[in-house]
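>>> Predicted structure and sequence below. I'll ask about it afterward.
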Amino acid sequence: MIKNAFILNFFRLYNMLWKPALPFLKKNRRLRSGFQKRIDSSFHTKADIWIQAASAGEAYLAANILKTLSPKTNLKILITTTTSQGLYILQTRLTKKAISQLIDLKIELFPFDMPDIMKIAVKTINPSVMVLLETEIWPGLLYYLKLNKTRILIINARLSKNSYTHYLKTKFLWKHLSPDTILATSEKDAQRYKKLFKGAMVEIMPNIKFESIDTDAVDVNTQKQIKKILPQTLPLTILASIRKQEEKDMIHLLKIILKMVPNQVVAIFPRHIHRIKAWEKRLTSHNLNFHLRSKIKPCLKAPGIILWDTFGELKTAYSLAEVVFVGGSLKPLGGQNFIEPAIQGAVIVTGPYYADFAWVKDEIFKKRIVIQKNNWKTIAQTIIETLEKPGKRSLRKKMALEYLQSNQGGTLQACHEILKVFDL
């Protein structure tokens, strides 16, 4: 039983551990914003549905769900998030026009999981259903939701190997706090959740992230501006979202691809704009001539390197590239979004590391919608081969879009599961 002596003693200890931590959390740069709301839940009001979206990634998922949710009766919905970035995404995307008129929506910061705080939060909000996104497993929250007889769903559930190993060490606790339903994004994730929460119903769902990929047409005006600075007879190679740890390898790659295919333009997009100065020094020290994108007027007259020092143009530039290497992938840095450039029709190459995008499934590599290589040398060779034999852009674009569409449907499944609670 959830009220057995072990559980009660655990939560007394858990509560005690939170108390000395609060003063330090108040000084944390990310948490001090809205700190009072994180420790005082009395301002909350009753909600039929409570959705927790931890940070930016989960906030996008929550926005997709809310935009799709179509109840047949009025529902009060609370969405909480842990970060200011998540708060901004939710507030800007979930306008009154973006959601059903039957939804009365509130967006707030997530309270700390300290039992004394969470007890008041759950009692005040008193949700009929709690929706947790991805890997939001908080013992205090789950405990009081169970006592409140709230139906608990984990949607778009994923559990990395490291997280799973960590949670297994406290399996004795989680068996008392099992959610009712878990919709996992892969068979591997489903098996991990089944072992952790033996009382839950676990099913597979398409990852909602497939519906978060921006498939809108590129901005025509931006595209025109970029075209003006590029020689129209030369292919464009993009090195996208390059991280600091990859810069040395990218210099080697640049030298090889420019030697083998000198008639091309290579555009370098650092992942962080503050690395522009470091790139200038690095390129200069290797005698690699370059142009800053902001200073090209009116256009390049010859092949060369463009160091992209302006914001907001990468997606549009993808639409003009012959081949794109997507960074964050040569080192274990999580990877970057390689589907977005793929649907623009470019040949996409990524390195061996893409942990943050493991949800894409191996199918994308088997169909060569994205080409995965193990090191900078094989990436360079793939770029050279592509420039020598480009293939059909329209066919690549078609394959990428079909792949994306075939993996969609997760949002509708999630909405159905949420509304099932209300028999709507």
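It's in.

>>> What about residue 90, how many residues nearby?
For residue 90, the neighbour count with other C-beta atoms under 10 Å is 24. C-beta here means a position set from N, CA and C on the backbone, and glycine is covered the same way.

>>> doesn't residue 61 make contact with it?
No - between residue 90 and residue 61 no contact is recorded; they are 10.7 Å apart, counting by C-beta atoms under 8 Å.

>>> joint contacts of these two?
residue 53 (C-beta atoms under 8 Å, 6 or more residues apart in numbering).

>>> Verify the stated contact: residue 331 with residue 353.
Yes - between residue 331 and residue 353 there is a contact under C-beta under 8 Å: 6.4 Å.

>>> so when I look at residue 50, I'm seeing a strand, right?
Yes - in this structure, residue 50 lies within a strand as judged by DSSP: H, G, I helix; E, B strand; the rest coil.

>>> could you measure the closest residue in space to it that isn't next to it in sequence against residue 103, distance?
Leaving aside its chain neighbours, residue 50 sits nearest to residue 127 (4.0 Å; criterion: C-beta to C-beta, 6 or more residues apart in numbering). Look at residue 127 and residue 103: by C-beta to C-beta, to the nearest Å, they are 14 Å apart.

>>> Then residue 388?
Distance from residue 388 to residue 103, by C-beta to C-beta: 54 Å.

>>> Those two: who's more crowded?
Neighbour totals were compared for residue 388 and residue 103, and residue 103 leads with 18 against 10 (other C-beta under 10 Å).

>>> what's near enough to touch the more buried one?
66, 69, 71, 74-75, 77.

>>> What is the most widely separated pair among the residues you listed?
Using C-beta to C-beta, the contacts of residue 103 span at most 14.7 Å, a distance reached by 66 and 74.

>>> Out of these two, name the residue with the larger neighbour count.
residue 66 (24 against 11).

>>> Without its sequence neighbours, what residue ends up closest to residue 7?
Nearest to residue 7 is residue 176, by C-beta to C-beta, 6+ apart, at 5.6 Å.

>>> For the one you found, pull up the helix or strand it's in.
According to DSSP states H and E, residue 176 maps onto no helix or strand at all.

>>> And for it, the neighbour number?
Residue 176 has 18 nearby residues by other C-beta under 10 Å.

>>> Equivalent analysis for residue 185, please.
If we define neighbours as other C-beta under 10 Å, then residue 185 has 24 of them.

>>> Just give me the residue right at the centre of the chain.
Centroid check for the chain by C-alpha atoms, centre = their mean gives residue 57 as the closest residue, at 3.9 Å.

>>> My guess is that one contacts residue 134. True?
Yes - if you go by C-beta under 8 Å, residue 57 and residue 134 touch, sitting 7.4 Å apart.

>>> Which helix or strand contains residue 269?
strand 265-270.

>>> From the rest of the structure, what touches that strand?
Contacts of strand 265-270 (C-beta under 8 Å, 6+ apart): 230-231, 234-242, 250, 254, 257-258, 276, 279, 290, 293, 300, 303-308, 314, 317, 321.

>>> With stretch 19-29 instead?
Contacts of stretch 19-29 (C-beta under 8 Å, 6+ apart): 31-32, 35, 39, 112, 114.

>>> Only C-alpha atoms, please: export the helix ranked longest in the chain in CSV.
In the chain, with assignment by DSSP state H, the single longest helix is helix 5-27. Coordinates of each C-alpha in helix 5-27 appear next as CSV, following Å, rounded to 0.1, in the frame of the first residue of the first chain:
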residue,chain,number,x,y,z
ALA,A,5,5.6,2.6,6.9
PHE,A,6,8.5,2.5,4.4
ILE,A,7,6.9,5.0,2.0
LEU,A,8,5.9,7.3,4.8
ASN,A,9,9.4,7.3,6.2
PHE,A,10,10.9,7.8,2.8
PHE,A,11,8.9,10.9,2.1
ARG,A,12,9.7,12.3,5.6
LEU,A,13,13.4,12.0,4.8
TYR,A,14,12.9,13.3,1.2
ASN,A,15,11.1,16.4,2.6
MET,A,16,13.9,17.0,5.2
LEU,A,17,16.6,16.8,2.4
TRP,A,18,14.7,19.5,0.4
LYS,A,19,14.8,22.1,3.2
PRO,A,20,18.5,22.8,3.3
ALA,A,21,18.6,22.7,-0.5
LEU,A,22,16.1,25.6,-1.0
PRO,A,23,18.5,28.5,-0.1
PHE,A,24,21.0,27.2,-2.7
LEU,A,25,18.3,26.7,-5.3
LYS,A,26,17.2,30.3,-4.8
LYS,A,27,20.7,31.4,-5.9
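
>>> what comes up buried for that helix?
Under the neighbour-count criterion of 16 or more other C-beta atoms under 10 Å, helix 5-27 has 7, 10-11, 14-15, 18, 25 buried.

>>> Next secondary structure after it?
Downstream of helix 5-27, the first helix or strand assigned by DSSP H and E is helix 35-39.

>>> Can you name the residues that contact residue 413?
183, 205-206.

>>> how about the strands in the protein?
Using DSSP state E, the strands of the chain run over residues 49-52, 75-81, 103-109, 129-133, 151-157, 181-184, 201-204, 236-242, 265-270, 290-292, 304-307, 323-326, 347-350, 370-372.

>>> Strand 75-81 and the third one, what's the angle between them?
Angular relation of strand 103-109 and strand 75-81 on a 0 to 180 degree scale: 20 degrees, by axes from the mean of the first three to the mean of the last three C-alpha atoms, to 10 degrees.

>>> So, low pLDDT: which residues of the stretch 1-150 of the chain?
Where the stretch 1-150 of the chain drops to pLDDT under 70, the residues are 1-3.

>>> quick one, helices of the stretch 251-400 of the chain?
Read by DSSP state H, counting those that start in this stretch, the stretch 251-400 of the chain holds these helices, from start to end of the chain: 276-285, 314-318, 339-342, 363-366, 376-388, 393-406.

>>> which of these sits most buried?
helix 339-342 (a mean of 24; mean count of other C-beta atoms under 10 Å).

>>> tell me what that one is packed against?
Contacts defined by 3 or more C-beta pairs under 8 Å, 6 or more residues apart in numbering; DSSP states H and E place helix 339-342 against helix 314-318, helix 393-406.

>>> Can I get that helix in CSV? Just the C-alpha atoms.
What follows is helix 339-342, C-alpha atoms only, in CSV (Å, rounded to 0.1, in the frame of the first residue of the first chain):
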residue,chain,number,x,y,z
ILE,A,339,15.7,16.1,-40.5
GLU,A,340,15.1,19.8,-41.1
PRO,A,341,17.8,20.1,-43.8
ALA,A,342,16.8,16.7,-45.2
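
>>> hmm, who's touching it?
So helix 339-342 is in contact with 213-214, 238, 240, 315, 318, 321, 324, 326, 348, 357, 360, 364, 369-370, 396, 400, 404, going by C-beta under 8 Å, 6+ apart.
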